[in-house]
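Engineer: Got a predicted model here, sequence first, then my questions.
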Amino acid sequence: MAKGSDIITLIIDGREVKARKGATIIEAAREAGIYVPFLCYHPQLKPYGACRACVVEIEKVRGFPTSCTSPVADGMVVKTQSTALDKLRRDIMNLVLSEHPHGCLTCHRIEHCGPSDICLRHVAVTDRCVVCPQNERCELQDVVYRMEFATGKPFPLKYTYRNIPLDTRNPFIDHDMNLCIVCGRCIRICSEVEWADVLTFVQRGKHTVVGTSLGGLLSDSGCTFCGACVDACPVGAITEKDYKFSGAPERTVTTTCTHCSVGCQLNLLVKDEKVIRVIPSLEGPTSKGEACAKGKFGHRFINSPQRLTTPLVRKNGTFVKASWEEALKIVTDGLARHRGAQFAAIASSRITNEEAYLLQKFTRGIMGSPNIDHIDTICHPQNVSGLVETFGLPAMTNSLRELRDSSCILVFGSDITFDHPVAGLQIKEAVRRGASLIVIDSARTELSPMATLHLRPHPGTEVNLLGAFIRTIVEEGLFDKPFMEGRCEGFDALKDSLSSFDIGGGERTCGVSKELLVEAARTYAKRKPAAIVYSGHFLQNGNRKSVSSALANLAMLTGNIGKSSSGLYPMVGEANSQGVMDMGCTPDALPGYQAAADPLVRERFDKAWKTALPDERGLTTEGIIEAIRKKEVRALCILGNGQPSFLPELESVLGNLEFLVVMDNHMSRAAHLAQVVLPQCTFAEMDGTFTNSERRVQRIRKIIEPVGESRPSWWVICDLARRLGGNGFSYELPSEVMDEIARVVPIYGGISYERLENGGLQWPCQDPGHSGTAILHQEGFPRGKGKLAPLQYEPPSKEYEDKEHPYLLFSTTIREIQGKIELRHENILELHREDAISEGISEGDLVEVKLENIAIKARVKLGENPHRGVVFLSFPHTESTSNLLNNLLSELSPRSSDLNGRRVRVEKISASGTKHEVN
Amino acid sequence: MREKVEKVIDSMKGKKPTILSALLAIQEEIGYIPKEAIPEVAGLVGASANEVYGVITFYTHFRLEPPGEHFVEVCWGPSCHVCGGKEVMDAVLEELGLSSDGTTKDKKLTLKRTSCAAACAQGPVISIDHNLRGRMTPEKAREMLARVKSR
C-alpha cells in the first residue's frame, strides 16, 4: 500500500487482512469474515468494551485487549483463538449466564426438538426455550453455541433467577429485565443514534437494570417509539409486543417504507404469510439502520382484519360482495358513459410510480380527460413552485444524509421530527456536531429547545420576515458575489424589491425583534455550508409560493446551491409524493415535468402512447372539487392507499357524482360513497417503486401473497384500459411499466428494476450509464441562470373583531418538552402573558378551547408565546389523539384538514394542580 | 417544594453545573432529592430526566425519600463486624422496628449501614447525627436510641 493511504494491512489468525485506518479490530475481522464473539458491540454504536467477550491477543501487547475498542495498526498481528482466550471467554460467559435463564442451552432435547415443536416439559416452565421471545434469534444463544462447538465443552452452570416483574405497560414494546445482560446497547442506541436518552441504567452492581426515570412509562419519559432499543437488544429483554413468540422468520425481504417521504429501507420479516416484524436495514442509503415508530411498528395494517378482501358493489344503497369480473364490468360500463372532461382521477401520494404513471396515462389516453391530480396538490406543488421559478425543477436539491455535515440548518415551518423523524435525526446529529440551528416557526416544535435561535413570526407574516432577513444579508454585504455574478440573474430586481421590508420594523410587521432577526441572518449567511429545511405548516395557501421563492433566493444569495450539505430541502408528505408528481399526476405536467400545454410535448406523448391527448387544460384537485359541486365532473376514480381520511373538502362533494370508483386497501371515508370499491394490495404485496423526497427511486417488493382477493392497482388499471378498448396497456410486470417510463421521461431515462436491485438511484439519471444525481445544480440550472425572484411585501392582514372568539388558533403535535415530563400527557395551550392576565388565567390552569360545537381541554403554558391574540395548541403524539383529532375535524364546517387559522375562545375550567387525561 | 427546588436550581445557573453538582446542592438544601427536582436538574444541565434518575440510583448517597429527623449510621465494616457489630445492628433494627436500612414509621430516625466509619480501633461504632460513638454494645445502643427518640 502506498504511504499515506487510508488502507492498512494487518494479520488476523495468520491471514492478511486489509482495513480502513481508524477501524477497530472487530470491524476488520468481521469485514474479513473472521468470527469474534461479542455481545455489547453494535455496528451503529461507538466502542464500549463492556462485555469483554471479544477479547483477542495482539503480538507485543500485554494482556487481552477487547477487539471492539482497539484500533487496527499497520503490521499488527492478532490472534482471535487460543487456549487462554477460550478460558477467559468461558469465564466471562459463565458470569453472564449466572443470571440469565438458559434452559434453551442446557436442555438435552435441543438437538431433538424442531424449531416450532411444543415443549416436552424437560425443563422448568419458566426456563423453556419456547417461553423466551428471542428463542432462535438470540445473540447470546449464538455466542454460547459457537463457543461450545469450538471447545467441545458445554456450560454446566445453574443460574439465579432475578425475579423482576415483567413490564408490559407500554405500547409496542415489552421489557423482561430477567433476560437483560446489561450490555447497554439499548441505552447507547437511544442516546447516540436517536438522541432521546429514554433508557438508563438504574441502580448499580448486581441490582442494575435498564429503566426510565422513576420507573415511568416509556411515553412519559420522552420515548418516540422508534424501536431502536428492540433491534439493538441481543437477548429477549426488550421485544416487540406483536408476534412476540413467533420466533425466527421464514424469510426476510428488504423494501421501502410506505409511511413518509424519507424512504427508509426496511427488512420485513415474514412467517406464515404474515409480516411479523420490521427491522430497519443498515444498507438503506438514507436511513442506515434508523427508523421511526411509523416504520418500525406501523405494519399492522397489512394483515389487519379491516382489509378489503373482495370487490364491493353498491346494490340498492348497500354494498354487496362481488367477483372481480362483475365489479370490473360495472366500472367499465360506468366509465364508458363518462369519457372526456366529465371524468377525473385523483391519486393518493402513497401509490407506486408505476401506478401513478398508468393512472395518468389511463385518464389522459383512454378516458380522454385532462383532469388528473393528486391529493397533496393543495400544499406541495405550491411549496415548490418557487423552486421551479428559480431553478427550473420542483425538487430537493441535495440528499437528506448530507444535513449531518451542514454548519447551519434553517428549519422553516416544519414539524420535521414528527412528520419525517429519520430526517429530523440528521438535523439533531448536525447540532451535535456543532451546527447552528435556526428555527423559524410560529409555534414551539420539538426542535426549538435545541435551536440556537428560534424566530416566531406572527402567523401570516412569514414573507415579511424572510424579506427583512434577505434585506439584512444584502445590506450587510453578506451575499456570495461571485456566485451572484456567475450563476444568477435578477439580483437588481430583488434588491429593489427589498426596500419595502423594514428590518427595524420587524416587531411591527412580523413580531420578531430586530436583534434576533439580524443575528439569525448573519448566522445563516456566514456559517457555510448552510441548508434550508421547510414544509410550511401554518402557511396560508396564498403565501406558499412567495415563501418558497424567498427561501430559494436566500439559498442562492449565499451561494448555498450545488454544494454538499447546503441547498433547499422541501419536505413532502407521503411516501411517493415526489413520485406521483414526477409521473405526471398533475394537470399541467406530463410525466417528467414536461408541460402539458406544449403541443410538441403532447405530440411526442401521442406517438409514444398511440393515442390523442386532450388539449384543454386540466383541473387541479381544488378545481375538480368545484367541478363536482357544479356537476361538471360526473365520474371520479380515486386511487387511495390506506389513508383513512382523504380530503375532507373532497369527501363533502362526492355525493354529487354519478359514478365513483375507489381503489383502496381499507374502507376509507370516500369508499363509503362509491358505486364500486376495488380491494387494493398494500406495498407488501406487490412490486413497484417509490421516489423519496431526495429524488431517490427505490424498489418496493412483493413480500407476501395478496391478502384476500386484493389485486395491485397497476393490474386493475391495465385491465380497465383494455376493456375500454385502449391499447398500450399490455404489461406483464411493473418492471415493464418502468421500462416505458424510462423511455418517455428523460430524468428517469437510466432507471430500470435491474439497476435498482443494487440500491436506489437519484434522478436526474438520463441513461443506463448514469449513476444518479445526489446534488442538483452543481454546474448550472435547468433554466440556465438561477433567477432571483423579487419579493412582494404583504401588509399584515387586518384582524377582524370577533368578541365571541378573540383568539386565532394554531395547532401542532409535540411529543416532548425537554426535561418537563410532568406535562407530557396533556394538550398544552400557549397563551400570551397579557392575554392570560385579561382572561384571569395563570400558568398550569386547565382551560377549554372552544370553536363551533367542539371543545378541547388543555393545560396553559405561558411565557414563550410572543403574539397577543394568537394561541398555540399542541397535542401529544399518541394514537388516541390523532383519532380524536380526526373526529373533531369531521365536525367542523366547512370540513377542513386542520385546525389552523380558526378563531376560538378560551375558557378556564379549573386552576393548576388538577389532573386530566386527553379527553 | 417546587419553590425550594427552583431556588436551588436558580442559584446554580451560570456556574457550569453538572448532574452531580446539582443533585448534591439539592440534597444539601432539602435533605433528599424530591421527584420534582429530577426534570428541573435535567433541564438545567441539558440531560434527560432518565439520565438524572440513573445517576441518583447509582450513588447510595442520594435519597429519593425524605430522611427522618435523626440519622443513625451503623458501621458494617469488617473490623466492627468481628468485634460485635452484628449484635449492635440487630439491636438497632429491633429498637427501630426496621428490617433493613430505612426510615422509622414515625419519620423520627433514618438508619443506614456504612461500609467503614474509619474508626476501627474503637469498633464496633455507630454514629448518630454524624457524632461517632465507639465501643458500642447492644445495650448502650438501645439506650442511646431511646434517648434520641424522646428528643
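Structural biologist: Thanks, I have it. Numbers count the residues shown, from 1 in each chain, chains lettered A, B, ... in the order given.

Engineer: Check the gap between the residue nearest to B:Ser21 when sequence neighbours are not counted and chain A for me.
Structural biologist: Sequence neighbours aside, B:Met12 is the residue nearest to B:Ser21 in space, at 7.3 Å (criterion: Cβ to Cβ, 6 or more residues apart in numbering or on different chains). In this view, the C-beta of every residue, glycine as well, is placed from N, C-alpha and C. For B:Met12, the distance to chain A (Cβ to the nearest Cβ, to the nearest Å) stands at 14 Å.

Engineer: Pull the contacting residues for B:Met12.
Structural biologist: For B:Met12, the contacting residues are B:21-22, B:25, B:44, by Cβ atoms under 8 Å, 6 or more residues apart in numbering or on different chains.

Engineer: likewise A:Ala232?
Structural biologist: A:42, A:44-45, A:185-186, A:188-189, A:238.

Engineer: Among the residues you listed, which one is most surrounded by other residues?
Structural biologist: The most neighbours of any of the contacts of A:Ala232, using other Cβ atoms under 10 Å in any protein chain shown, belong to A:Arg185, which has 29 neighbours.

Engineer: Could you check the pLDDT of that one?
Structural biologist: Looking at A:Arg185, its pLDDT is 96.

Engineer: and if you look at A:His112?
Structural biologist: 82.

Engineer: same deal with A:Pro644?
Structural biologist: Looking at A:Pro644, its pLDDT is 52.

Engineer: And for B:Leu98?
Structural biologist: So B:Leu98 comes in at 90 (pLDDT).

Engineer: And A:Arg337, by the same measure?
Structural biologist: At A:Arg337, pLDDT is 94.

Engineer: Quick check, A:Tyr569 in contact with A:Ser548.
Structural biologist: No. Counting by Cβ atoms under 8 Å, A:Ser548 is not a contact partner of A:Tyr569; they are 11.7 Å apart.

Engineer: more crowded one of the two?
Structural biologist: A:Tyr569 (30 against 27).

Engineer: gap between A:Ala232 and chain B?
Structural biologist: 16 Å.

Engineer: before we move on, back to that, got phi/psi on the residue nearest to B:Ser21?
Structural biologist: phi -90, psi -20 (degrees, to the nearest 10).

Engineer: Same check on A:Ala232?
Structural biologist: Backbone geometry at A:Ala232, expressed as degrees, to the nearest 10, gives phi -80, psi -30.

Engineer: any idea of the pLDDT on it?
Structural biologist: At A:Ala232, the pLDDT recorded in the model is 95.

Engineer: for A:Glu879, same thing?
Structural biologist: We have a pLDDT of 45 for A:Glu879.

Engineer: what are the ranges of the strands in chain B?
Structural biologist: Under the criterion DSSP state E, strands of chain B are mapped to B:70-75, B:102-103, B:109-114, B:126-128, B:131-133.

Engineer: helices or strands next to the longest helix belonging to chain A in the packing?
Structural biologist: Counting by DSSP state H, the longest helix found in chain A is helix A:541-557. When contacts are defined as 3 or more Cβ pairs under 8 Å, 6 or more residues apart in numbering or on different chains; DSSP states H and E, helix A:541-557 packs onto helix A:380-383, helix A:385-390, strand A:408-412, helix A:462-475, helix A:481-487, strand A:530-534, strand A:567-570.
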